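*Asks:* 3D, please:
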Amino acid sequence: DEDSSEEEDQRKGVSALIEIENPNRVHRKANKNLTLENAGGAAGGSSRNGAPGADGAAPVPELSRREREELEKQKARENYQRLHAQGKTDQARADLARLAIIKQQREDAAKRRDAEQKARESELKAKQSLTNKALGKK
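*Replies:* Numbers count the residues shown, from 1 in each chain. Next up, the predicted model:
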(Lines give C-alpha, C1' and ligand atoms only; values in the text may rest on other atoms or scores of the structure.)
Protein backbone atom coordinates (compact mmCIF):
# COMPACT_ATOMS: atom_id res chain seq x y z
CA ASP A 1 0.00 0.00 0.00
CA GLU A 2 2.78 2.44 0.86
CA ASP A 3 4.65 1.70 -2.36
CA SER A 4 1.64 2.51 -4.56
CA SER A 5 1.00 5.87 -2.82
CA GLU A 6 4.65 6.87 -3.26
CA GLU A 7 4.51 6.02 -6.95
CA GLU A 8 1.39 8.19 -7.44
CA ASP A 9 3.17 11.16 -5.86
CA GLN A 10 6.09 10.88 -8.26
CA ARG A 11 5.75 12.19 -11.78
CA LYS A 12 5.69 9.69 -14.56
CA GLY A 13 7.85 9.58 -17.63
CA VAL A 14 10.35 12.27 -18.57
CA SER A 15 8.54 14.97 -16.60
CA ALA A 16 10.17 13.60 -13.45
CA LEU A 17 13.60 14.39 -14.91
CA ILE A 18 12.89 17.77 -16.51
CA GLU A 19 11.69 20.78 -14.55
CA ILE A 20 10.11 23.21 -17.00
CA GLU A 21 8.01 26.19 -16.04
CA ASN A 22 5.32 26.75 -18.65
CA PRO A 23 4.55 30.49 -18.91
CA ASN A 24 1.18 29.73 -20.53
CA ARG A 25 0.05 27.40 -17.78
CA VAL A 26 -2.80 28.77 -15.72
CA HIS A 27 -2.09 28.42 -12.03
CA ARG A 28 -5.14 27.82 -9.92
CA LYS A 29 -5.38 30.04 -6.91
CA ALA A 30 -6.49 28.55 -3.65
CA ASN A 31 -10.11 29.38 -2.92
CA LYS A 32 -10.28 31.63 0.14
CA ASN A 33 -13.49 30.03 1.34
CA LEU A 34 -11.97 26.56 1.21
CA THR A 35 -8.74 27.60 2.88
CA LEU A 36 -10.60 29.46 5.63
CA GLU A 37 -12.95 26.54 6.14
CA ASN A 38 -10.07 24.08 6.32
CA ALA A 39 -8.08 26.30 8.66
CA GLY A 40 -11.17 26.88 10.80
CA GLY A 41 -11.91 23.16 10.94
CA ALA A 42 -8.37 22.42 12.09
CA ALA A 43 -8.41 25.22 14.67
CA GLY A 44 -11.63 24.15 16.32
CA GLY A 45 -14.32 25.34 13.91
CA SER A 46 -14.55 28.93 15.05
CA SER A 47 -15.26 31.54 12.41
CA ARG A 48 -16.63 35.07 12.21
CA ASN A 49 -20.17 33.71 12.06
CA GLY A 50 -19.78 31.70 15.24
CA ALA A 51 -20.44 28.10 16.09
CA PRO A 52 -22.36 25.72 13.87
CA GLY A 53 -26.14 26.13 13.85
CA ALA A 54 -28.60 24.15 15.93
CA ASP A 55 -29.06 21.65 13.11
CA GLY A 56 -25.35 20.74 13.23
CA ALA A 57 -24.50 22.29 9.86
CA ALA A 58 -21.06 23.74 9.26
CA PRO A 59 -20.67 27.50 9.83
CA VAL A 60 -21.23 29.72 6.82
CA PRO A 61 -17.87 30.71 5.28
CA GLU A 62 -16.99 34.37 5.06
CA LEU A 63 -18.05 35.97 1.79
CA SER A 64 -16.02 38.20 -0.43
CA ARG A 65 -16.99 41.84 -0.84
CA ARG A 66 -18.55 41.20 -4.25
CA GLU A 67 -20.56 38.25 -2.95
CA ARG A 68 -21.75 40.30 0.04
CA GLU A 69 -22.74 43.19 -2.20
CA GLU A 70 -24.58 40.84 -4.55
CA LEU A 71 -26.48 39.29 -1.63
CA GLU A 72 -27.33 42.76 -0.29
CA LYS A 73 -28.60 43.83 -3.72
CA GLN A 74 -30.71 40.69 -4.00
CA LYS A 75 -32.20 41.19 -0.52
CA ALA A 76 -32.92 44.85 -1.26
CA ARG A 77 -34.59 43.90 -4.55
CA GLU A 78 -36.76 41.26 -2.82
CA ASN A 79 -37.67 43.72 -0.07
CA TYR A 80 -38.63 46.36 -2.64
CA GLN A 81 -40.77 43.87 -4.57
CA ARG A 82 -42.53 42.80 -1.37
CA LEU A 83 -43.23 46.42 -0.41
CA HIS A 84 -44.31 47.20 -3.98
CA ALA A 85 -46.77 44.29 -3.90
CA GLN A 86 -48.20 45.68 -0.65
CA GLY A 87 -48.51 49.12 -2.26
CA LYS A 88 -46.14 50.83 0.16
CA THR A 89 -43.64 52.25 -2.33
CA ASP A 90 -43.93 55.59 -4.12
CA GLN A 91 -44.00 53.87 -7.49
CA ALA A 92 -46.77 51.51 -6.34
CA ARG A 93 -48.83 54.45 -5.06
CA ALA A 94 -48.36 56.26 -8.37
CA ASP A 95 -49.36 53.12 -10.29
CA LEU A 96 -52.47 52.65 -8.14
CA ALA A 97 -53.45 56.31 -8.60
CA ARG A 98 -53.00 55.99 -12.36
CA LEU A 99 -55.08 52.79 -12.36
CA ALA A 100 -57.83 54.52 -10.38
CA ILE A 101 -57.91 57.38 -12.91
CA ILE A 102 -58.08 54.94 -15.83
CA LYS A 103 -60.82 52.91 -14.12
CA GLN A 104 -62.85 56.09 -13.55
CA GLN A 105 -62.39 57.14 -17.18
CA ARG A 106 -63.55 53.72 -18.39
CA GLU A 107 -66.62 53.84 -16.13
CA ASP A 108 -67.50 57.31 -17.44
CA ALA A 109 -67.05 56.14 -21.04
CA ALA A 110 -69.27 53.10 -20.41
CA LYS A 111 -72.01 55.31 -18.91
CA ARG A 112 -71.77 57.67 -21.86
CA ARG A 113 -72.01 54.76 -24.33
CA ASP A 114 -75.07 53.40 -22.50
CA ALA A 115 -76.74 56.83 -22.58
CA GLU A 116 -75.99 57.21 -26.29
CA GLN A 117 -77.35 53.71 -26.96
CA LYS A 118 -80.55 54.49 -25.07
CA ALA A 119 -80.89 57.77 -26.97
CA ARG A 120 -80.49 55.97 -30.30
CA GLU A 121 -83.06 53.35 -29.30
CA SER A 122 -85.55 56.03 -28.24
CA GLU A 123 -85.01 57.92 -31.53
CA LEU A 124 -85.50 54.67 -33.46
CA LYS A 125 -88.73 53.96 -31.55
CA ALA A 126 -89.96 57.51 -32.19
CA LYS A 127 -89.25 57.16 -35.91
CA GLN A 128 -90.98 53.79 -36.05
CA SER A 129 -94.02 55.12 -34.22
CA LEU A 130 -94.22 58.12 -36.60
CA THR A 131 -93.83 55.79 -39.59
CA ASN A 132 -96.52 53.44 -38.26
CA LYS A 133 -98.83 56.40 -37.52
CA ALA A 134 -98.33 57.74 -41.05
CA LEU A 135 -99.08 54.33 -42.53
CA GLY A 136 -102.09 53.95 -40.28
CA LYS A 137 -100.78 51.01 -38.32
CA LYS A 138 -101.12 50.66 -34.61
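
*Asks:* mind listing the helices for this structure?
*Replies:* Counting by DSSP state H, one finds helices in the chain at the ranges 2-9, 32-42, 65-86, 90-135.

*Asks:* please identify the most buried of the ones you listed.
*Replies:* Of all the helices of the chain, helix 32-42 has the most neighbours on average by mean count of other CB atoms under 10 Å, namely a mean of 13. Any C-beta I mention is one placed from the backbone N, CA and C, and that applies to glycine too.

*Asks:* Ala92 reaches Arg82, doesn't it?
*Replies:* No - Ala92 is beyond contact range of Arg82, at 10.9 Å (criterion: CB atoms under 8 Å).

*Asks:* related to what we said a few turns ago, TSV please, covering the helices of the chain and showing mean pLDDT and distance to Arg25.
*Replies:* Below are the helices of the chain laid out as TSV (pLDDT from 0 to 100; distance: least, CB to CB, whole Å):
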stretch	mean pLDDT	distance to Arg25
helix 2-9	50	20
helix 32-42	58	21
helix 65-86	93	26
helix 90-135	94	52
